[in-house]
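Asker: can you look at this prediction? I've put the sequence above it.
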Amino acid sequence: MMMILRQDLKPWTPAIVVFAVIIVLSFLWFITFQPSAWEQTPNYLQMYIEFIVTRPIDAFLKVSTGPGELVYWIFIPTYATLIIYTALYKIGNQRKKQYIIMNKYYLVYLVFLALFAISFQNASQNYNWYWNPKVSAPGYVDTWTHILSPSLLGALVAPLSLERYFSWNRKYTWFFVFAAIAIAALVWEIGETIDVYMKGQSSTYFNYPMDSLKDVILGVGIGTILSSWIYERLVMDFEKV
């Protein structure tokens, strides 16, 4: 019995060893921080939960960030896309036609991602997590929001599978995801800079060149990789099973 178990586990030995090392290093990473480092770190999870529980409308039905007033309504096309995708998916199943390339797993993922991305963005704005007054520079939550939002955009674009209309291989899904995120990121950053010209000192943000470059690289790079990879795992891989 033990011999059979060892033979079954042998192919998984490298993975088991790697995960064991990661767990040990993660524990060391956690305990090596000084207590004062934790005391100076806000309890983001608690603050986020309190925000969505006490102010759900502000959390899920508004996006209070970025240049211009139009951005307040950006949640509408996001939720509208989710509704359209759901309808096309159900109608396609009934008629046995593939109007859009996705499955129920990816649909559930999209809903949770949209709700979290929008509410986290609003919580960050509400608590001013974007700015670190101690060093007069963007806070590190700014980094996470600039990865999360582009990832949501990429996740919404991927099911369109535009490569099929050009007779491309499906492995090139990432190109259209990349294009959508890159265009949106650059337009967004240009809008923030123009907002400074238009409003002067009353503008919400001052768009520093290196911070803007960082936002574009994080959003376009990580957003493309993350959204394309998850789409492939949840949709393409499940179709092969």
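Answerer: Received it, and whenever you're ready, just let me know what you need. Numbers count the residues shown, from 1 in each chain.
Asker: switch to C-alpha atoms for all contacts and neighbour counts from now on
Answerer: Will do.
Asker: contacts only, for the nearest residue to residue 222 once chain neighbours are set aside.
Answerer: Nearest non-adjacent residue to residue 222, counting by Cα to Cα, 6 or more residues apart in numbering: residue 147, 6.5 Å away. By Cα atoms under 8 Å, 6 or more residues apart in numbering, residue 147 lies in contact with 218, 219, 222, 223.
Asker: how far away from the center of its chain is the strand or helix carrying residue 147?
Answerer: Following DSSP states H and E, one finds residue 147 within helix 141-157. Taking Cα atoms, centre = their mean, to the nearest Å, one finds the center of helix 141-157 at 3 Å from the center of the full chain.
Asker: next SSE downstream of that helix?
Answerer: Counting by DSSP H and E, what follows helix 141-157 is helix 173-199.
Asker: for that next one, which positions count as buried?
Answerer: 173-174, 176-178, 180-182, 184-186, 188-189, 191-196 (16 or more other Cα atoms under 10 Å).
Asker: identify the residue spatially nearest to the residue positioned nearest the centre of the chain, adjacent ones excluded.
Answerer: Closest residue to the average C-alpha location of the chain: residue 148 at 2.6 Å, with Cα atoms, centre = their mean. What sits nearest to residue 148 in space, not counting adjacent residues and going by Cα to Cα, 6+ apart, is residue 117, at 6.1 Å.
Asker: quick one, grab the pLDDT at the one you found.
Answerer: On pLDDT, residue 117 comes in at 93.
Asker: tell me which residues are up against the helix or strand in which it is found.
Answerer: Using DSSP H and E, residue 117 sits within helix 104-126. For helix 104-126, the surrounding residues in contact (Cα under 8 Å, 6+ apart) are 48, 51-52, 58-60, 62-65, 75, 78-79, 82, 85-86, 130, 141, 145, 148-149, 152, 155-156, 231, 234-235.
Asker: next structured bit after that helix?
Answerer: strand 131-132.
Asker: walk me through which strands that following strand pairs with, and which way each runs.
Answerer: strand 137-138 (antiparallel) (DSSP bridges).
Asker: in a helix, residue 46, correct?
Answerer: Yes: counting by DSSP: H, G, I helix; E, B strand; the rest coil, residue 46 is part of a helix.
Asker: re earlier: identify each buried residue in the helix holding residue 147, please.
Answerer: 141-157.
Asker: now the angle from it to helix 173-199?
Answerer: Counting by axes from the mean of the first three to the mean of the last three Cα atoms, to 10 degrees, helix 141-157 lies at 130 degrees to helix 173-199.
Asker: convert the C-alpha atoms of helix 141-157 to CSV, please.
Answerer: Below are the C-alpha coordinates for helix 141-157, written out as CSV (Å, rounded to 0.1, in the frame of the first residue of the first chain):
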residue,chain,number,x,y,z
VAL,A,141,-2.8,50.9,-2.9
ASP,A,142,-2.6,53.0,-6.1
THR,A,143,-0.5,50.2,-7.5
TRP,A,144,-3.1,47.6,-6.8
THR,A,145,-6.0,49.6,-8.3
HIS,A,146,-4.0,50.2,-11.5
ILE,A,147,-3.7,46.5,-11.9
LEU,A,148,-7.2,45.5,-10.9
SER,A,149,-9.1,47.9,-13.1
PRO,A,150,-7.2,47.0,-16.3
SER,A,151,-7.6,43.3,-15.5
LEU,A,152,-11.4,43.8,-15.3
LEU,A,153,-11.4,45.6,-18.7
GLY,A,154,-9.3,42.8,-20.2
ALA,A,155,-11.6,40.1,-18.7
LEU,A,156,-14.6,41.9,-20.3
VAL,A,157,-12.9,42.0,-23.7
